[in-house]
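Trainee: Output the structure for:
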Amino acid sequence: MESVPAAHSESAEGETALIRRCCRGERAAFDALAARYAPRIYNLALRLAGNPEDASDAAQEALVRAFKAMRKFRFQCAFSTWLYRIAVNACLDEIKRRKRRPLPLTDLEPDPHDDGPDLAAPGADPESLALERVQRETILAAVAALPPVHRVVIVLYDLQGHSYEEIGAMLDLPLGTVKSRLNRARLALRAALEPHMELIR
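Mentor: Numbers count the residues shown, from 1 in each chain. Alright, predicted model coming up:
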């Protein structure tokens, strides 16, 4: 990646200005944007792909695709929505290419961007927090085992907090389709979690 002169701080520059520079083909500006979004893109990829190896490949591919497509970005939607659409497609392509069943997330390396319970927090009840983590890992493992078409809406809506409208833009789907897919995904997730209900209640 190109070095950035000390006199010009990419991190302090506004996102819109960076995007306009990216659209002109400036690699340094894209590197600055990528640094801002890479952790979130990887976290999305990890939840969709289900294992660090595929997640890393998908996240890298998403950023490559985004860089190549920057000249086509026309500010018709939020940059984050546009980037997430590319990332979701890269993840789904990686899943199809590998045809690998996701590993249970309980067997994965810790996600540095996971905002789950902090077992070392001052005053924390270790037993309660340990149970909370087990419950969270059980749910994430069940999500990882869902078919990709269900997994993606659960991840985007329930785990990452995107709105129906944002998900529709990311997946290029009508609002009604997003809602119906999310409903079916939740039913499938509930069925998968049924044997573990005593644990997660």
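Trainee: contacts and neighbour counts: CA atoms only from here.
Mentor: Fine.
Trainee: So residue 75, which state does it fall into?
Mentor: The three-state assignment at residue 75 reads coil, by DSSP: H, G, I helix; E, B strand; the rest coil.
Trainee: chain center to the longest helix along the chain: distance?
Mentor: Scanning the chain for the helix with the most residues, using DSSP state H, yields helix 27-49. Put simply, helix 27-49 sits 9 Å off its chain's centre (C-alpha atoms, centre = their mean, to the nearest Å).
Trainee: Now the element after it, going C-ward?
Mentor: Sequence-wise, the next helix or strand downstream of helix 27-49 (DSSP states H and E) is helix 52-69.
Trainee: which residues sit against that following helix?
Mentor: By C-alpha atoms under 8 Å, 6 or more residues apart in numbering, the residues outside helix 52-69 that reach it are 22, 30, 34, 38, 41-42, 45-46, 48-49, 83, 86-87, 90-91, 94-95, 108-109.
Trainee: before we move on, the earlier item: now do the longest helix of the chain and helix 52-69, the angle between them.
Mentor: 140 degrees (axes from the mean of the first three to the mean of the last three C-alpha atoms, to 10 degrees).
Trainee: neighbouring contacts of the helix or strand residue 177 falls within?
Mentor: If you go by DSSP H and E, residue 177 is part of helix 175-193. Contacting residues not belonging to helix 175-193 are listed as 139, 142-143, 146, 149-151, 153-154, 164-165, 167-168 [C-alpha under 8 Å, 6+ apart].
Trainee: Just the ones of those residues in helices?
Mentor: 139, 142, 143, 149, 150, 151, 153, 154, 164, 165, 167, 168.
Trainee: Can I have the buried ones of the residues you listed as a PyMOL selection?
Mentor: Typed into PyMOL, the next command selects the buried ones out of the ones in helices among the contacts of helix 175-193 (criterion: 16 or more other C-alpha atoms under 10 Å):
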select buried, resi 139+142+143+150+151+153+154+164+167+168
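Trainee: The ones in helices among the contacts of helix 175-193 into a markdown table, with extra columns for pLDDT and distance to residue 177?
Mentor: Below are the ones in helices among the contacts of helix 175-193 laid out as a markdown table (pLDDT from 0 to 100; distance: C-alpha to C-alpha, whole Å):
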| residue | pLDDT | distance to residue 177 |
| --- | --- | --- |
| 139 | 84 | 24 |
| 142 | 87 | 23 |
| 143 | 88 | 20 |
| 149 | 90 | 12 |
| 150 | 92 | 12 |
| 151 | 92 | 15 |
| 153 | 95 | 11 |
| 154 | 93 | 14 |
| 164 | 95 | 10 |
| 165 | 94 | 11 |
| 167 | 95 | 10 |
| 168 | 94 | 8 |
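Trainee: burial measure for the closest residue in space to residue 41 that isn't next to it in sequence, as a count.
Mentor: Leaving aside its sequence neighbours, residue 41 sits nearest to residue 59 (C-alpha to C-alpha, 6 or more residues apart in numbering; 5.9 Å). Using other C-alpha atoms under 10 Å, residue 59 has 26 neighbouring residues.
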